[in-house]
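Q: after the sequence you'll find the predicted model.
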Amino acid sequence: MAAAAIATLSLLAISYANDVIKIGDKNFGYLILAVGVGMLFGMWLLNRLSRYFNKGTIVVASFLFSGAVLIWLSMVKDLNLALFLIFLLGVGNICITSTIQTILQHKIPRQLRGRVFGVQNMLINSAFTFPVVLFGIIADFWGVLSAIALLGVIVFATGLAGMFLPKFKTV
């Protein structure tokens with residue numbers, strides 16, 4: 001879900017830059033840069049958070065956080081606030097993806113890791129395709145802000161669902 005959200009947001013960034021925050025479609029790279037800087041900061045923050053919270057809690061909280069930030073982003077038309085929120089999305093994304101990779105590497109027996117990570121890679125690559133097409137269509141029909149809001153609701157709902165997975169609380 002996290003990979004699909006970042007891929008979808010990358011697609012929507014061009015329209016968001018041009019139509020919503022009015023910086024032009026050629027300047028959408030600033031939005032992508034903000035995600036990258038957020039990911040760098042997120043790696044540092046994740047190191048600190050992992051000392052106080054278990055991995056499952058970090059993943060669930062990061063989904064809730066990222067979903068809320070996406071919903072907020074769908075209401076923003078100011079460049080500076082949008083860049084800050086996109087920075088926060090980078091923080092949330094790295095906390096999700098790095099933590100899930102760590103969980104998988106610790107829980108999967110060594111002799112199965114190649115198969116499991118191969119399937120995971122295939123699923124992630126597939127996750128880039130379908131949601132990007134779907135949210136592109138949604139953005140065409142209802143606008144980029146509606147597409148971002150819906151993406152935020154789905155990411156937030158993923159975090160809510162994670163709250164009800166009893167084993168995730170102990171990972």
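A: In hand now; what should we look at?
Q: for residue 128, give me its contacts.
A: Each residue near residue 128 by C-beta atoms under 8 Å, 6 or more residues apart in numbering is listed here: 3, 4, 7. Every residue, glycine included, has its C-beta placed from N, CA and C.
Q: so what's the last one closest to, chain neighbours aside?
A: When you say that, I think you mean residue 7. residue 128 (4.3 Å; C-beta to C-beta, 6 or more residues apart in numbering).
Q: looking at the contacts of residue 128, which has the most residues close by?
A: residue 4 (22 neighbours; other C-beta atoms under 10 Å).
Q: thought that residue was touching residue 131?
A: Yes: counting by C-beta atoms under 8 Å, residue 4 touches residue 131, with 4.2 Å between them.
Q: state the number of residues packed around residue 51.
A: Neighbours of residue 51 (other C-beta under 10 Å): 6.
Q: that one: which element?
A: Using DSSP states H and E, residue 51 sits within no helix or strand.
Q: also residue 22?
A: Counting by DSSP H and E, residue 22 is part of no helix or strand.
Q: how much space separates it from residue 126?
A: 34 Å (C-beta to C-beta, to the nearest Å).
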